[in-house]
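J.: Okay, predicted coordinates and the sequence, questions at the end:
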Amino acid sequence: MIDKKEIRKEVLAKRDELKADVALSLSKAICEKIIGMREFSDSDIVLIYKSIRNEINTDMLLTAAKDKAVYIPKVLSSDEMEFYEDDGEYLDGAFGIKEPKNTERGLISVIDESGTNDKKMNLLMIMPGAVYDNEKHRIGYGGGFYDRYIEKLRKKKDINLCLVAPAYSFQLMDGIIPYTELDISPDIIVTEEYIYK
């Protein structure tokens, strides 16, 4: 049986070895695919992580989504995070990741307050991850922040949620990676080569 920690370590080491210009070029190709997707154009709210090290660079997505409501994650404790509306101002947060300076109203509160609307809001989450397989199982970074947060969102009746995972093609493994029922899979994986729905 493949060890989850070992496979994460191996793939992230490969990601860290990417030269900056290569990572940026691949990120651009991936982001262009996401921007061209109907799920992106139809979204009312886009949740986008701020990339760190050699993660897929999300700056292009932030720019493309400026006509939408954009929310950025902030770690609140050892097991909780929340998304706050992006106003372009950031602070250094947990794990060295840029987090929103604006923390007045979290996304969960915004959704709850808009619950009287007849039309459901379309939420598109750009979710980070370390490794994926052909059946879209995901290995994250080990903290479970996204799994827990997505469970909260899935309990909301007034939204349509779509989970999109940008990934370099080498992050997509053949076969089945280790996973549990608590590990939430993306709806779509986008690499520089393909869109997996």
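T.: Cool, the structure landed. Residues are numbered from 1 along each chain as shown.
J.: Could you list the single helix or strand in this structure with the lowest mean pLDDT?
T.: When each helix and strand of the chain is scored by mean pLDDT, DSSP states H and E, helix 107-113 comes last, with a mean of 91.
J.: list the buried ones in that helix?
T.: 107, 110-111 (16 or more other CB atoms under 10 Å). From N, CA and C alone the C-beta is placed, and that goes for glycine too.
J.: from these, which is closest to residue 194?
T.: Distances from residue 194 to the buried residues of helix 107-113, taken as CB to CB, are shortest for residue 107 (29.8 Å).
J.: Tell me where this structure is predicted with low confidence.
T.: Within the chain, the stretches with pLDDT under 70 are 1, 115-117.
J.: for it, which helix is longest?
T.: In the chain, taking DSSP state H as the definition, the longest helix is helix 20-35.
J.: Check the offset of that one from the chain's centre.
T.: The chain centre lies 15 Å from the centre of helix 20-35; the measure is CA atoms, centre = their mean, to the nearest Å.
J.: got the CA coordinates for it in PDB?
T.: This file holds the C-alpha atoms of helix 20-35, laid out as PDB (Å, rounded to 0.1, in the frame of the first residue of the first chain):
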ATOM      1  CA  ALA A  20      10.400  29.800 -11.400                       C
ATOM      2  CA  ASP A  21       9.800  30.600 -15.000                       C
ATOM      3  CA  VAL A  22       8.600  27.000 -15.800                       C
ATOM      4  CA  ALA A  23       6.200  27.100 -12.800                       C
ATOM      5  CA  LEU A  24       4.800  30.500 -14.000                       C
ATOM      6  CA  SER A  25       4.400  29.300 -17.600                       C
ATOM      7  CA  LEU A  26       2.600  26.100 -16.500                       C
ATOM      8  CA  SER A  27       0.400  28.200 -14.100                       C
ATOM      9  CA  LYS A  28      -0.600  30.500 -16.900                       C
ATOM     10  CA  ALA A  29      -1.700  27.600 -19.100                       C
ATOM     11  CA  ILE A  30      -3.700  26.100 -16.200                       C
ATOM     12  CA  CYS A  31      -5.300  29.400 -15.300                       C
ATOM     13  CA  GLU A  32      -6.300  30.100 -18.900                       C
ATOM     14  CA  LYS A  33      -8.100  26.800 -19.000                       C
ATOM     15  CA  ILE A  34     -10.000  27.600 -15.800                       C
ATOM     16  CA  ILE A  35     -10.900  31.100 -17.000                       C
END
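J.: Okay then, goodbye and thanks.
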